[in-house]
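1. Predicted coordinates and the sequence they were generated for:
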2 protein chains.
Amino acid sequence: MANRFLTKQRAVLKLYLINLVEQDRLYGLQFLQLLRKEFEPYGFRPTHSEIYKSLHELTKEGILFRTKKLKGEGQDGFQEIVIYQFTEGGYEKAKAYKKLVKQDLDRSQQMINKILRDNY
Amino acid sequence: MANRFLTKQRAVLKLYLINLVEQDRLYGLQFLQLLRKEFEPYGFRPTHSEIYKSLHELTKEGILFRTKKLKGEGQDGFQEIVIYQFTEGGYEKAKAYKKLVKQDLDRSQQMINKILRDNY
């Protein structure tokens, strides 16, 4: 296994993005706002660029695909928005990825417990 | 407070280095071996360069100072080794630093708990 410290931000963002697509919250633009709100109490503010890179990885890995949709009627008629959905077989891949990240989060938790035990 | 994800490797290494100096394990060369052994079960293997940078920061912050000492009698007579000790006032600074890192580790633990709760 590769050399790892605590779970990476990228893995956690990908986890939440999978979760949001599962919940049919598909709009690329919503993700940033939602995640910032979730993590605000913890002092973590994900950047636009980090979310974009995470979506890009999920797309490259064949889990999500990016498409466009016409939405409601705005002032200027219909509005085209970017949405993300699971590819065929993408949901299965997403579940396997979630399992891996779960193991890594458990490992990180044990590691923090050890650090606290050893130093305080 | 700055934008932060989970506690950084650098902070954790500095914590352990302070701890080792507290325990009078002062030799620069021991640190790498000791820390690698501690973290081996967690899949984390600190590099020489990371430990060196952490020691450098602790020195720059006035917590530790670097000095040399003659040790025992080797094959070639006395051997000069590099050791680290607390500066005057360094121990107080170290305690304040440990307190800060404790808060950050607690925050990280709560954040991992939230991530697990939200996604599994």
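-> Now that the structure is in, tell me what you want to look at. As the structure is a prediction and not an experimental result, all values here were calculated from the model. Numbers count the residues shown, from 1 in each chain, chains lettered A, B, ... in the order given.
2. quick one, what contacts A:Lys93?
-> Applying C-beta atoms under 8 Å, 6 or more residues apart in numbering or on different chains, we find A:Lys93 in contact with A:Glu61, A:Gly62, A:Ile63. C-beta coordinates here come from the backbone N, C-alpha and C atoms, glycine included.
3. Quick one, which of these are buried?
-> Among those, those classed as buried by 16 or more other C-beta atoms under 10 Å in any protein chain shown are A:Ile63.
4. which of the contacts of A:Lys93 are close to chain B?
-> Among these, no residue sits close to chain B (C-beta under 8 Å from any C-beta of the partner chain).
5. Up against chain B, what does chain A have?
-> Residues of chain A that fall close to chain B, judged by C-beta under 8 Å from any C-beta: A:1-7, A:9, A:12, A:15-16, A:19, A:38-39, A:42-45, A:98, A:102, A:105, A:107-116, A:118-120.
6. Apply 7 Å and report the result again.
-> Within chain A, the positions adjacent to chain B are A:1, A:3-7, A:9, A:12, A:15-16, A:19, A:42-45, A:98, A:102, A:105, A:107-112, A:115-116, A:118-120 by C-beta under 7 Å from any C-beta of the partner chain.
7. Buried residues, stretch A:94-112. List them.
-> Buried-residue list, stretch A:94-112, by 16+ other C-beta under 10 Å: A:Ala94, A:Tyr97, A:Lys98, A:Val101, A:Asp104, A:Leu105, A:Arg107, A:Ser108, A:Gln109, A:Met111, A:Ile112.
8. Which member of the contacts of A:Lys93 is positioned nearest chain B?
-> Ranked by distance to chain B (C-beta to the nearest C-beta), the contacts of A:Lys93 are led by A:Ile63 at 14.8 Å.
9. Any chance you could list what contacts the helix or strand hosting A:Asn19?
-> Assessed by DSSP states H and E, A:Asn19 sits inside helix A:9-22. Contacts to helix A:9-22, defined as C-beta atoms under 7 Å, 6 or more residues apart in numbering or on different chains, come from residues A:31, A:34-35, A:46, A:50-51, A:54-55, A:57-58, A:64, A:84-86, A:94, A:98, A:101, A:104, B:5, B:115, B:118-119.
10. Go again with 6 Å.
-> A:Leu35, A:Ser54, A:Leu58, A:Tyr84, A:Ala94, A:Val101, B:Phe5, B:Ile115, B:Asn119 (C-beta atoms under 6 Å, 6 or more residues apart in numbering or on different chains).
11. about what we covered before: now, the contacts of A:Lys93 that are in strands?
-> Applying DSSP state E to the contacts of A:Lys93, no entry is found in strands.
12. can you redo the contacts of A:Lys93 as JSON lines with pLDDT and distance to A:Phe78?
-> Formatted as JSON lines, these follow (pLDDT from 0 to 100; distance: C-beta to C-beta, whole Å):
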{"residue": "A:Glu61", "pLDDT": "97", "distance to A:Phe78": "31"}
{"residue": "A:Gly62", "pLDDT": "97", "distance to A:Phe78": "30"}
{"residue": "A:Ile63", "pLDDT": "97", "distance to A:Phe78": "29"}
